[in-house]
Structure formats: C-alpha cells, structure tokens
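Enquirer: Got a predicted model here, sequence first, then my questions.
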Amino acid sequence: MTCNRHDHDHEHTHEHSHEHSHDHTHEHSHQHATNKESVANTIEHDEKTLRVLLVHWINHNKSHQENFSEWSKKAVAMEKPDVAKYIEEAVSLMDKANEMLIEAKKHM
C-alpha cells in the first residue's frame, strides 16, 4: 500500500467516531462568534452606547446649568457676588464642555 508517497507493508485504519448522545433537545445554536466577530459586536455596542451617552451628558449638563444660574442669582441676593461670579464661570465652562460634546457627537 502506498500512503503519503512512501511504501508501507502494513494496513492503516483511520476510522473515527464523534457521535455522542444527549438526554435533551437543542433549541439553540452551537455557533460561536469568532474573536473578530466578538470584537466587532463589542465595538458596535459601544458606539451605540456612546451616541446615547453624548446626548445624555449634554442634556444633563444643561439641567445643571439652569440650576447653577438659579443659585447664582440667589448668591447675588445674599450679597455674595464672588460666589455668583464663580458659579457663572462654571456655567460658562459647562457651555464650552457642551460645545465639545456636540462636536464629538457630530463625528460619530
């Protein structure tokens, strides 16, 4: 017998059995995502999450800005102009932060 381009004086048996039994039925697939598919699914999920978070952060900042402005006015009424000035500066910085978040969202 010739096998793999060299002669053999004996026989080869290459029988394999991969059968196994189950006491239950399979209602689901046994296909597993490859590493590339898994990474792609994670990236897709993270992108969707980031889109939602960017909108949330912008709206959340705006709600804080409204509250800050309200308390800035109260600080003026309390004759605390320095406190009001710093609170208004925080509002201004949040405007800048929101501008950056809006730009980030545009690039998604």
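Expert: Received the coordinates, thanks.
Enquirer: what's the distance between residue 60 and residue 42?
Expert: 25 Å (Cβ to Cβ, to the nearest Å). (Each C-beta comes from the backbone N, C-alpha and C, glycine too.)
Enquirer: where does the protein dip in pLDDT?
Expert: Residues of the chain that meet the criterion pLDDT under 70 lie in 1-33.
Enquirer: And the strands in it?
Expert: Per DSSP state E, the chain carries strands over the ranges 2-3, 6-7.
Enquirer: where's residue 54 relative to residue 85, distance?
Expert: 30 Å.
Enquirer: These two: who's more crowded?
Expert: residue 54 (17 against 13; other Cβ atoms under 10 Å).
Enquirer: Quick one: list the elements packing against the longest helix along the chain.
Expert: Looking across the chain with DSSP state H, the single longest helix is helix 35-77. The contact analysis (3 or more Cβ pairs under 8 Å, 6 or more residues apart in numbering; DSSP states H and E) places helix 35-77 against helix 81-106.
Enquirer: can you pull the buried residues of the helix it packs on?
Expert: 84, 87, 88, 91, 94, 98, 101 (16 or more other Cβ atoms under 10 Å).
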